[in-house]
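J.: model this:
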Amino acid sequence: MWELVKAGGWPMLPLLLLGVAALAIILERLWSLRRAEVMPPKLGEEVRNWAARGQLDPAHIESLRRNSPLGALLAAALDVRHKPREVVRERLEDTGRHLVFRMEKFLSALGTIASAGPLLGLLGTVVGMIQMFLGILDHGLGDVNQLAGGIGKALVCTATGMIIAVPALIFHRFFRSRIAGYVIEMEQEATALLDALDTARPAPQVSPAAAAQAAARVAGARPAPPAPARG
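T.: All right, here's what the predicted structure looks like:
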């Protein structure tokens with residue numbers, strides 16, 4: 001193995017560094033994007049029960065915000081629960097964009113590794129081929145078997161770049177798909193919470209004076225009864 005690394009030359013060093021970085025990102029995202037970490041089971045139902053019972057004190061909301069990305073989204077809705085539904089939706093959209101950005105952390109770097117790995121491997125192969133042909137120019141062809149071995153060693157960089165790029169690309173697409181699924185489920189939970197808040201919100205009470213004024217306006221808007229006909 002070490003002989004192959006040495007055969008690849010100096011381009012093998014950045015390739016190996018890219019491989020280590022890709023492995024670290026994949027492991028970190030696998031741990032951070034677990035379902036239990038992003039969307040704890042029955043959290044949405046528990047928050048809706050809080051809303052139904054009126055247990056929405058600041059301590060509950062703050063603990064919910066620190067719980068998970070889903071908790072942070074629901075806490076953002078609860079912060080403005082007394083405002084119109086349109087305002088709550090705007091707050092949910094703003095918070096959702098921040099949460100998606102957090103969940104996509106390091107994914108752009110993983111995509112860059114998937115794109116740069118083959119190119120860097122090809123560069124290493126080209127450098128190796130150039131060195132080999134310069135040696136031929138100085139010393140002649142020599143042994144054909146040795147020439148074939150030199151070509152094989154030069155292709156080590158290309159193979160290494162592919163080995164790094166393929167898993168990086170697969171996991172990049174996998175994580176993006178998982179985040180998209182989480183976003184849809186979080187939207188459903190947020191909509192269910194909005195419906196629960198609308199149900200729990202008390203209907204506006206009309207004072208007797210306001211009711212009398214409304215009745216007077218209605219009565220004033222009615223047409224006057226026709227005058228009785230004279231015989």
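J.: select the longest helix from the protein.
T.: Using DSSP state H to define each element, the chain has its longest helix at helix 156-200.
J.: any idea of the mean pLDDT for that one?
T.: Helix 156-200 shows a mean pLDDT of 90.
J.: chain center to it, what's the gap?
T.: In terms of Cα atoms, centre = their mean, to the nearest Å, the centre of helix 156-200 is set 6 Å apart from its chain centre.
J.: repeat for stretch 95-108
T.: The answer for stretch 95-108 is 4 Å, by Cα atoms, centre = their mean.
J.: what's the helix or strand where residue 16 lies in contact with?
T.: Element membership of residue 16, judged by DSSP states H and E, is helix 12-32. By Cβ atoms under 8 Å, 6 or more residues apart in numbering, the surrounding residues in contact with helix 12-32 are 5-6, 8, 37, 103, 105-107, 109-110, 113-114, 116-117, 120-121, 124, 156-157, 160-161, 163-164, 167-168, 171, 175. Every residue, glycine included, has its C-beta placed from N, CA and C.
J.: so where is this structure shaky, pLDDT-wise?
T.: Applying pLDDT under 70 to the chain flags the ranges 1-8, 135-150, 152-153, 200-231.
J.: at 50 instead, please
T.: Counting by pLDDT under 50, the ranges of the chain that qualify are 203-206, 218, 231.
J.: just the buried positions in the helix holding residue 16, please.
T.: Within helix 12-32, the residues that qualify as buried are 12, 15, 18-19, 21-22, 25-26, 29, counting by 16 or more other Cβ atoms under 10 Å.
J.: related to what we said a few turns ago, tell me what angle the longest helix of the chain forms with helix 12-32.
T.: Inter-element angle recorded for helix 156-200 and helix 12-32: 20 degrees (by axes from the mean of the first three to the mean of the last three Cα atoms, to 10 degrees).
J.: which neighbouring elements make contact with helix 156-200?
T.: Where contact means 3 or more Cβ pairs under 8 Å, 6 or more residues apart in numbering; DSSP states H and E, helix 156-200 is packed against helix 2-8, helix 12-32, helix 43-53, helix 69-79, helix 85-103, helix 107-139.
J.: point out the most buried one among those helices.
T.: With neighbours taken as mean count of other Cβ atoms under 10 Å, these reach their highest mean count in helix 69-79, at a mean of 22.
J.: which strands or helices does it pack on?
T.: helix 43-53, helix 58-65, helix 85-103, helix 156-200.
J.: would you list the ones you listed in TSV and tack on distance to residue 132?
T.: What follows is the helices and strands packed on helix 69-79, written out as TSV (distance: least, Cβ to Cβ, whole Å):
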stretch	distance to residue 132
helix 43-53	61
helix 58-65	61
helix 85-103	46
helix 156-200	13
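J.: so which of those helices comes closest to residue 72?
T.: Among these, helix 58-65 comes nearest to residue 72, with 5.1 Å by Cβ to Cβ.
J.: contacts for that closest one?
T.: Contact with helix 58-65 is made by 47, 50, 71-72, 74-76, 78-79, as judged by Cβ under 8 Å, 6+ apart.
J.: could you do stretch 96-111 as well?
T.: For stretch 96-111, the external contacting residues (Cβ under 8 Å, 6+ apart) are 21-22, 25-26, 28-29, 32-33, 38, 69, 72-73, 168-169, 171-172, 175-176, 179, 182-183, 186-187.
J.: I appreciate the help and will end here.
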